[in-house]
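Engineer: Using only what follows, build the 3D model:
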Amino acid sequence: MAPLMFSFRFMLFLSPVLFLMFSTQSQAPRCYNDKGNYNTNSTYQTNLNTLLSSLSSPSNNGNGYGFYNSSYGENPDQVYAIGLCRGDVTGNPCRYCLSNATQLLTQSCPNQKQAFVVFDHCTLRYASRSIYGAMETFPPLRWYNVQNVSYDVDGFFQELNTLLEDLRDQAAGNGSLRKFAAGTATAPNFQTIYGLAQCTPDLTEQDCRDCLGSSLADIPECCQGKVGARISKPSCDLRYEIYLYVDPTTVPPLPSLCRHCLVLLHRHCLVLLRRQPV
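Structural biologist: Presented below is the predicted three-dimensional model:
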């Protein structure tokens, strides 16, 4: 599939700078038209509204790490929902994001029994079936920064791939409360790359690794050559940028500059050796 850039109903693309500000926006919600519909003023709608309002309630702290899983009602009108805040977002900012997501979903998907939306600080989905513990990678929602890598593209993506693979493994191994990891790498031109990997903590370690691995595999297809991208799926989130977009305290210190000097020196020496006449 050719590189794809979604048209957003809730975002204005006035310039590349505004695209870098997509963190305050959301992508158009995914309303599942093939998963069943409900009628206005039905029992299902009442259960859905009750459940979604409880997720962002000040009295609801989820699991204490930004994960909210709940259900309401009885079959055949039982509703299930999962909300997940980014690993560095908790408390009121988390609940505020979930509240906005709730309003957007109910307005944009007024009769669908299943829906999914992504904001910068949180994701929210609901369904008429249990979704806890189930790895789901569809639909994949993709963004990319319109700016292209301008220096040593291969070197940039080698460093990026190593970073994201490390973050995938860290997030997957972080236990049942929070599967989140953030970190940095240094590109060949000394530019900092900021990466993030997160799964819903109800996944097993292997399912989390598989979900994030599928997003890693999507990068060459959707976002190759771009300085930033985000791939969000119902069960996991993968992102990289060349600017800091998470709480700095969640990002480990940059690797030693000397190490990267040696890496660059090694690369340039190899280039010079290859150019020597035989």
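Engineer: how about stretch 145-159: buried residues?
Structural biologist: For stretch 145-159, the buried set under the neighbour-count rule, 16 or more other Cβ atoms under 10 Å, comprises 145, 149, 155-157, 159. C-beta: built from backbone N, CA, C; applies to glycine.
Engineer: how about the CA coordinates for it, as PDB?
Structural biologist: Taking Å, rounded to 0.1, in the frame of the first residue of the first chain, the C-alpha atoms of stretch 145-159 are listed here in PDB:
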ATOM      1  CA  ASN A 145       4.900  14.100  10.200                       C
ATOM      2  CA  VAL A 146       5.000  15.800   6.800                       C
ATOM      3  CA  GLN A 147       8.700  16.600   7.300                       C
ATOM      4  CA  ASN A 148      11.200  14.100   5.800                       C
ATOM      5  CA  VAL A 149      14.500  13.000   7.300                       C
ATOM      6  CA  SER A 150      17.100  15.100   5.500                       C
ATOM      7  CA  TYR A 151      20.300  13.500   6.600                       C
ATOM      8  CA  ASP A 152      21.500   9.900   6.400                       C
ATOM      9  CA  VAL A 153      18.000   8.300   6.100                       C
ATOM     10  CA  ASP A 154      19.300   4.800   6.600                       C
ATOM     11  CA  GLY A 155      21.200   5.700   9.700                       C
ATOM     12  CA  PHE A 156      18.200   7.500  11.100                       C
ATOM     13  CA  PHE A 157      16.000   4.500  10.700                       C
ATOM     14  CA  GLN A 158      18.600   2.100  12.000                       C
ATOM     15  CA  GLU A 159      18.700   4.000  15.200                       C
END
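Engineer: picking that back up, of all pairs in the buried residues of stretch 145-159, which one is the farthest apart?
Structural biologist: N145 and G155 (18.1 Å; Cβ to Cβ).
Engineer: For A197, see how far away the residue most central in space within the chain is.
Structural biologist: Nearest to the geometric centre of the chain sits D237, at 2.7 Å (Cα atoms, centre = their mean). From D237 over to A197 the distance is 7 Å, taken as Cβ to Cβ, to the nearest Å.
Engineer: Using the three-state scheme, assign the residue nearest to the centre of the chain.
Structural biologist: strand (DSSP: H, G, I helix; E, B strand; the rest coil).
Engineer: Now do it, the pLDDT please.
Structural biologist: D237 is assigned 98 on the pLDDT scale.
Engineer: next one: V251
Structural biologist: We have a pLDDT of 76 for V251.
Engineer: just the one 10 residues further on next, same as before
Structural biologist: As summarised for this prediction, C261 has a pLDDT of 42.
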